[in-house]
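*Asks:* my questions are about this predicted structure, shown below with the sequence.
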Amino acid sequence: MRVLFIGGTGIISSACSELALERGIELYLLCRGRSPRPIPKGAKVLEGDIRDARSARGAIGKLEFDAVADFISFVPEHIQAGIELFSGRTGQFKSFSRVALGDGRVGYVASDSLGDTKDASDAISFEPALTRSPPLLEVTPASLATRAGSVKITGVASDGDQVRDAYVFVGARKVFYMSNRKASEPKKLPFSFDAELQPGVNIITVVARENEDVATAQTLVVRRDGPNGEALPTPKRDNFAADWEFEE
């Protein structure tokens, strides 16, 4: 089955691209090639701008598709342009709309499955077909107040799909990074290290990532006191994230 995704590298559509490839679909992506997200391995890129009819036609050439999924139409004019572009080229042309599910959650559904309602209180009934959940992160500091120059941080990150890596920073300073790319247990990442502390209040943030878009963070506050237990002034912080580095 030959399928074209218009987009295919966004937060939602990239997950759909990976799933389509896993199911053996011959996948093409029509995009401008500007996304920082990597193209899923196995996808064929057609570089063009869907908002420019000439550019899009040039990218598609004489290709035909069993289905086309549009992830980046935002107004009726976008949908109409897509219908005109793919008329006679595909068996199905599907447009997806972003809907609010409540509590800050959003989802994407086929636009032709939606209808108008006059009652704003109507609850949305849905069954998720594709979901992403961040890793579960458990972090334990040896102490929340210490006279020592460091504190031991232990934890474990776990996820139903994978844990890509974990990193920690104290204030603006990145002090720990651990990759899980080649681990024997890709869905679990235990870690332990000694975090150096500055005098006074230290904000320690631990992050575990499933991928570039899905992550969990926990923040701890650890106080470093003087040798006699006296409170120490907290020094001025460095520029936030000035020294961050990540594995590509």
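*Replies:* Good, I have the coordinates.

*Asks:* domain parsing for this structure?
*Replies:* Following the assignment in automatic domain parsing, the chain carries domains at 2-113, 136-224.

*Asks:* quick one, phi/psi of the spatially most central residue of the chain?
*Replies:* Closest residue to the average C-alpha location of the chain: residue 213 at 1.4 Å, with Cα atoms, centre = their mean. Here is the backbone geometry of residue 213 (degrees, to the nearest 10): phi -100, psi -20.

*Asks:* same check, this time on the one 10 residues further on
*Replies:* Recorded main-chain torsions at residue 223 are phi -100, psi 130, according to degrees, to the nearest 10.

*Asks:* low-confidence stretches in the protein?
*Replies:* Residues of the chain meeting the criterion pLDDT under 70: 11-12, 35-36, 92-96, 103-106, 116-132, 237-248.

*Asks:* all helices for it, in order.
*Replies:* Using DSSP state H, the helices of the chain run over 11-22, 53-60, 76-86.

*Asks:* out of the ones you listed, which gets nearest to residue 185?
*Replies:* Counting by Cβ to Cβ, residue 185 lies closest to helix 11-22 out of these; the figure is 20.9 Å. Backbone N, C-alpha and C define where each C-beta goes, glycine included.

*Asks:* give the contact list for the residue nearest to residue 197 when sequence neighbours are not counted.
*Replies:* Ranked by Cβ to Cβ, 6 or more residues apart in numbering and with sequence neighbours excluded, the top spatial neighbour of residue 197 is residue 224, at 4.3 Å. For residue 224, the contacting residues are 145-149, 197-200, 202, 232, by Cβ atoms under 8 Å, 6 or more residues apart in numbering.

*Asks:* on that earlier part again, as a markdown table, the domains of the chain with distance to residue 236 would be great.
*Replies:* A markdown table is the format used below for these (distance: least, Cβ to Cβ, whole Å):
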| stretch | distance to residue 236 |
| --- | --- |
| domain 2-113 | 32 |
| domain 136-224 | 10 |
